[in-house]
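Undergrad: sequence and predicted structure are below.
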Amino acid sequence: MLYWTLGIVGSLIGVWAGYTHLYEGGLDEPAYSVVDQIGDFEIRQYETFIIASTQPGKTGDAGLNSGFRILAGYIFGGNQPNEKLAMTAPVIQQNKKGESIPMTAPVVSAPDDMSMAFVMPPNRSLEDLPIPNSSKVQLTEVDWGLMAVTRFSGRGKQARFKAAEQTLLLDIERAGKSPRGPALYAQYNSPSAFPPLRRNEVLIPIATD
């Protein structure tokens, strides 16, 4: 009986992992080239892309959930003319003001300046993207330029992101580089994805040499 149970559990885990790889491993994401690999982090040069962003006005998980709902509402038809947009990756979080995710209007009620953004499909432009129904959603073209990036798998807990950010800042300093903006937290998978296959990244803009 034990072997049957283990076999069933193993099969379910295999299906879960297969779903994650098949349906979430090939989502469109911003185009970049890897410029250098230094220890545990890499330096990427990003091409320009478009984001739909919002400032939820809340902190922590409440802010994340609120921001996600606002942006999901936009891409799932909360726009003119009720167009559904393809899901892309990653979902981006920024906790401090800066140039990494430029906001078109300040939101005074955001106590920790948390911002969230969805990346728009690569074949779209500001001119042909649908107009958001919600005034809380802004469409912006961004140019990240040079970014230092570190990656970890598993669940994207805020504590893990913060720890990875501190480690990356130390690694950047040791490499003789200089940050030029606040860190971004990026999650490339849905909450239903198989945890060991989840991709999470901390990205910090750095100055050119």
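TA: Cool, the structure landed. Note that this is a predicted model, so its numbers are computed, not measured.
Undergrad: ok, which stretches of the chain are strands?
TA: 32-38, 41-46, 49-54, 79-80, 91-94, 115-119, 131-132, 138-142, 146-152, 184-187, 200-205 (DSSP state E).
Undergrad: of these, flag the one that's most buried.
TA: strand 115-119 (a mean of 24; mean count of other CB atoms under 10 Å). To be clear about C-beta, it is placed using only N, CA and C from the backbone, and glycine gets the same treatment.
Undergrad: which residues are contacting it?
TA: 28-30, 49-56, 63-64, 67-68, 70-72, 74-75, 88-94, 101, 103 (CB atoms under 8 Å, 6 or more residues apart in numbering).
Undergrad: coming back round to it: for the strands of the chain, which one sits closest to residue 175?
TA: Among the strands of the chain, strand 32-38 comes nearest to residue 175, with 5.0 Å by CB to CB.
Undergrad: what lines up beside the closest one in the sheet?
TA: strand 41-46 (antiparallel) (DSSP bridges).
Undergrad: just the C-alphas of the partner strand, formatted as CSV.
TA: This file holds the C-alpha atoms of strand 41-46, laid out as CSV (Å, rounded to 0.1, in the frame of the first residue of the first chain):
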residue,chain,number,x,y,z
PHE,A,41,25.3,37.3,-10.0
GLU,A,42,25.2,38.4,-13.6
ILE,A,43,25.1,41.8,-15.4
ARG,A,44,22.4,42.2,-18.0
GLN,A,45,21.8,44.9,-20.7
TYR,A,46,18.1,45.3,-21.2
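Undergrad: between that strand and strand 138-142, how many degrees?
TA: 100 degrees (axes from the mean of the first three to the mean of the last three CA atoms, to 10 degrees).
Undergrad: strand 41-46 vs strand 200-205, what angle?
TA: Angle, strand 41-46 to strand 200-205, by the same axes, to 10 degrees: 70 degrees.
Undergrad: gap between strand 41-46 and the chain center?
TA: Chain-centre distance of strand 41-46: 15 Å, with CA atoms, centre = their mean, to the nearest Å.
Undergrad: contacting residues around that strand?
TA: Here strand 41-46 makes contact (CB under 8 Å, 6+ apart) with 30-37, 143-150, 168, 171-172, 177, 203, 206.
Undergrad: lowest mean pLDDT among the helices and strands of the protein, which one is it?
TA: Lowest by mean pLDDT, DSSP states H and E among the helices and strands of the chain is helix 2-24, with a mean of 47.
Undergrad: let's have the strands of the chain in CSV, adding distance to residue 163 and mean pLDDT.
TA: Formatted as CSV, these follow (distance: least, CB to CB, whole Å; pLDDT from 0 to 100):
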stretch, distance to residue 163, mean pLDDT
strand 32-38, 19, 96
strand 41-46, 14, 97
strand 49-54, 25, 92
strand 79-80, 37, 96
strand 91-94, 15, 89
strand 115-119, 20, 89
strand 131-132, 34, 96
strand 138-142, 26, 91
strand 146-152, 9, 96
strand 184-187, 12, 91
strand 200-205, 9, 93
